[in-house]
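Colleague: build me a model from this:
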Amino acid sequence: MKKIALLLLLFSSFTVAKSNYHGKPSRNDSVVVHVCALSPFSNFYAEAAMSEQTARHKTSRRCELGQGQGSIFCKAQDAKCSTSKLSFGDQYIEESLIVYAKSWQKGDYIEVFDDIPYLSRHHFSDKIASYTIPDGWIVRFYEGDNYTGKYHTEMGGSHNTLGYSQKTRSIKIMKRP
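Modeller: Below you'll find the model as predicted:
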């Protein structure tokens with residue numbers, strides 16, 4: 001995880017330079033970054049790119065440099081990928097809601113920056129077991145698609161989804177600072 005964070009930091013330096021118009025970055029500048037990783041045995045290979053397909057391909061190529069060309073452990077489709085949104089202005093990385101497939105903030109995850117009416121489009125419907133909400137945010141987890149059905153409202157912090165584990169199908173951000 002530390003390697004992915006370092007990779008994001010390095011990649012953000014590149015994107016800050018890219019978005020710097022005459023030395024004055026716009027507060028509204030942002031870019032979506034895809035970070036993919038493969039970890040055969042005790043090795044770890046990660047790459048970032050503007051598209052998930054490119055990030056997967058670059059990760060596969062980097063893995064093959066260490067494991068040998070054509071290695072069965074370096075297939076692009078096996079890479080675990082995460083999507084993040086970098087925003088600029090004061091050179092900060094925008095906070096996001098992170099939802100996880102396993103308890104205690106473990107397993108596959110997605111970062112949520114905006115409302116998601118259909119978690120199935122992210123292949124995360126009925127999978128959320130825990131989450132991390134930034135301080136000051138209020139988030140509502142709905143058991144139905146498109147913000148329907150029973151819902152559970154949560155505030156900032158890291159928690160497990162007790163009582164509604166793996167029933168969430170849509171997410172609405174009610175408040176952010």
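
Colleague: list the buried residues of the lengthiest strand in the chain.
Modeller: Determined from DSSP state E, the single longest strand within the chain is strand 130-144. For strand 130-144, burial by neighbour count (16 or more other Cβ atoms under 10 Å) applies to 130, 131, 132, 133, 134, 137, 139, 140, 141, 142. C-beta coordinates here come from the backbone N, C-alpha and C atoms, glycine included.

Colleague: so what's residue 170 up against?
Modeller: Listed by Cβ atoms under 8 Å, 6 or more residues apart in numbering, the contact set of residue 170 reads 115, 116, 117, 118, 119, 141, 142, 144, 145, 146, 147, 148.

Colleague: closest to residue 107 among those?
Modeller: Checking the contacts of residue 170 against residue 107 by Cβ to Cβ gives residue 119 as the nearest, at 15.1 Å.

Colleague: so who does the closest one touch?
Modeller: 125, 126, 127, 128, 168, 169, 170, 171.

Colleague: quick one, phi/psi of it?
Modeller: Per-residue torsions, residue 119: phi -60, psi -20 (degrees, to the nearest 10).

Colleague: how far off centre is the longest strand of the chain?
Modeller: Offset of strand 130-144 from its chain centre (Cα atoms, centre = their mean, to the nearest Å): 15 Å.

Colleague: before we move on, the earlier item: could you dump the contacts of residue 170 to TSV with distance to residue 48?
Modeller: Output for these, formatted as TSV (distance: Cβ to Cβ, whole Å):
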residue	distance to residue 48
115	26
116	23
117	28
118	26
119	24
141	29
142	32
144	35
145	31
146	32
147	32
148	36
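
Colleague: and the strands in the chain, which stretches?
Modeller: Using DSSP E, strands in the chain cover 30-38, 45-49, 80-87, 97-102, 106-112, 130-144, 148-160, 170-175.

Colleague: which parts of the last one are buried?
Modeller: Same thing as strand 170-175. Those would be 170, 171, 172, 173, for strand 170-175 by 16+ other Cβ under 10 Å.

Colleague: please apply the same query to the fourth one.
Modeller: By neighbour count on 16+ other Cβ under 10 Å, the buried set for strand 97-102 is 97, 98, 99, 100.

Colleague: what is the neighbour count of residue 150?
Modeller: Residues lying near residue 150 (other Cβ atoms under 10 Å) number 10.

Colleague: and if you look at residue 161?
Modeller: The number of residues packed around residue 161, counting by other Cβ under 10 Å, is 19.

Colleague: what sits closest to residue 143 if chain neighbours are left out?
Modeller: Nearest residue to residue 143, sequence neighbours excluded (Cβ to Cβ, 6 or more residues apart in numbering): residue 149, at 4.1 Å.

Colleague: swap in residue 41?
Modeller: Leaving aside its chain neighbours, residue 41 sits nearest to residue 73 (7.6 Å; criterion: Cβ to Cβ, 6+ apart).
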